[in-house]
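K.L.:
coords please:
(one chain, ligands or ions: 1)
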Amino acid sequence: MSLLNVESLRVSYRTRRGRLEALSNVSLSVGEGEVMGVVGESGSGKSTLGLTVIRLLPGNAVIESGSVRFNGVDFLRLPEEEVRKMRGRVISMVFQDPYASLNPVMKIGEHFAELFLEHGAASSEEEALREAGEILERMGVPRERLNDYPHQLSGGQRQRVAIGLALALKPRLVIADEITTALDALVEAQIVELLKEVKASYRTSMLFITHNMGLVAEIADRVTVMYAGEVVESGRVDEVIRDPMHPYTKALLSSVPRIGGPKDVKPIPGEPPDMHNPPPGCRFHPRCPFATGNCRVEEPVLKGIGDRYVACHLW
Ligand SMILES: Nc1ncnc2c1ncn2[C@@H]1O[C@H](COP(=O)(O)OP(=O)(O)OP(=O)(O)O)[C@@H](O)[C@H]1O
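P.N.:
Numbering: from 1, shown residues only. Have a look, this model is predicted:
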């Protein structure tokens, strides 16, 4: 059985313009020690998925139906108090902006000490700081930085600290949401290297959310491709990259420069739909070069072909 099982998840937001369905019937699973890439353009529902899994959705979100099973337990039905105890210890999240996990008026060391003491993972502040120093060094940040405030660090170091905090209590699942997007290319490459080391040494499962298929290729074992709140394709990363089945996956792959791949990067023509009013039939049909009449009226269902899944009438 997988560590994380998301089944037929439907999540909407109440907005001034009415109800917006951000996730429509989304299913995926993440195995023990596995990195699942979740990829798609802005607005496809990736962050909503991550926030649902760790139960940090904003107040205007409504989980309409579906389930999130974590280690066999129905996570969406657990009392908030239990979820709070699990956050950080069993499941944690790293955001695009490291300040989402860092308090500007607390020293780096204090963040770790608070986390360890709150979860009973250290018996004294000295022990917590000793442990924190080791984690920082594993993250490639000098131990002396424990005495600094977040603003005294570079953007890359701040993100390393946020990753260290997320891993500190050795959780079983880390959700990483666009964690390199705000960094320049060089620092991004260093963080990707760090994540590869983390993957090899911590064996933590990861939901790696990104709009960049190139990063998925570097880090993930399997990938779930999302478009307009739906899963359009999933499978092993190497297979999906070698032989993408969904026209959207093909377009995503041609829109990123890859090491050794073609240099002529083609942006995906058109725009993702207004999610208050998504198109009928296949949501990708207005941008799809292969769309037929059927694609405009009938919604494709996700079909399994071996261990690959694709939602496209062409298959
Ligand atoms: N708090 C909110 N209230 C209302 N609508 C929201 C809220 N958060 C997200 N949405 C909408 O839900 C849809 C999915 O957004 P989400 O942030 O999950 O997508 P995403 O793929 O993570 O995109 P991005 O990379 O831009 O964050 C979008 O149409 C977005 O405008």
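K.L.:
if you check the stretch 201-315 of the chain against the ligand, which residue is the closest one?
P.N.:
Going by C-beta to the nearest ligand atom, the ligand is nearest to residue 275 of the stretch 201-315 of the chain, at 3.7 Å. Just so you know, the C-beta spots here come from the backbone N, C-alpha and C atoms, and that holds for glycine as well.
K.L.:
near the ligand, which residues of this protein?
P.N.:
Residues of the chain lying near the ligand by C-beta under 6 Å from any ligand atom: 13, 15, 20, 22, 40, 42-48, 58, 60, 211, 275.
K.L.:
mind giving me the ChimeraX select for these, buried ones only?
P.N.:
Selecting just the buried residues from the residues of the chain next to the ligand in ChimeraX takes one command, with 16 or more other C-beta atoms under 10 Å as the test:
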select :13,20,22,40,43,44,45,46,47,48,211,275
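K.L.:
sorry, back to before: on the three-state scheme, the residue of the stretch 201-315 of the chain closest to the ligand is what?
P.N.:
Using DSSP: H, G, I helix; E, B strand; the rest coil, the structure places residue 275 in coil.
K.L.:
hmm, residue 21 and it touching each other?
P.N.:
Yes - in terms of C-beta atoms under 8 Å, residue 275 counts as a neighbour of residue 21; the distance is 6.9 Å.
K.L.:
which neighbours do those two have in common?
P.N.:
Residues touching both residue 275 and residue 21 by C-beta atoms under 8 Å, 6 or more residues apart in numbering: residue 229.
K.L.:
state the pair within the residues of the chain next to the ligand that is farthest apart.
P.N.:
Spatially, the most separated pair among these is 60 and 211, at 23.6 Å (C-beta to C-beta).
K.L.:
tell me where the stretch 151-300 of the chain has helices.
P.N.:
Using DSSP state H, counting those that start in this stretch, the helices found in the stretch 151-300 of the chain span residues 155-167, 185-202, 213-219, 237-242, 247-254, 293-297.
K.L.:
turn those helices into CSV, columns for mean pLDDT, distance to residue 285 and mean neighbour count.
P.N.:
Putting the helices of the stretch 151-300 of the chain into CSV (pLDDT from 0 to 100; distance: least, C-beta to C-beta, whole Å; neighbours: other C-beta atoms under 10 Å) gives the following:
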stretch, mean pLDDT, distance to residue 285, mean neighbour count
helix 155-167, 94, 38, 23
helix 185-202, 89, 33, 15
helix 213-219, 93, 21, 22
helix 237-242, 96, 21, 17
helix 247-254, 94, 10, 22
helix 293-297, 96, 4, 14
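K.L.:
could I get those in a markdown table, plus columns for distance to residue 270?
P.N.:
Shown next, in a markdown table, are those (distance: least, C-beta to C-beta, whole Å):
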| stretch | distance to residue 270 |
| --- | --- |
| helix 155-167 | 32 |
| helix 185-202 | 27 |
| helix 213-219 | 18 |
| helix 237-242 | 22 |
| helix 247-254 | 10 |
| helix 293-297 | 14 |
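K.L.:
mind checking pLDDT for the spatially most central residue of the chain?
P.N.:
The residue lying closest to the centre of the chain (C-alpha atoms, centre = their mean) is residue 209, at 2.7 Å. pLDDT, residue 209: 97.
K.L.:
OK, contacts around it?
P.N.:
37, 38, 39, 46, 47, 49, 50, 175, 176, 177, 178.
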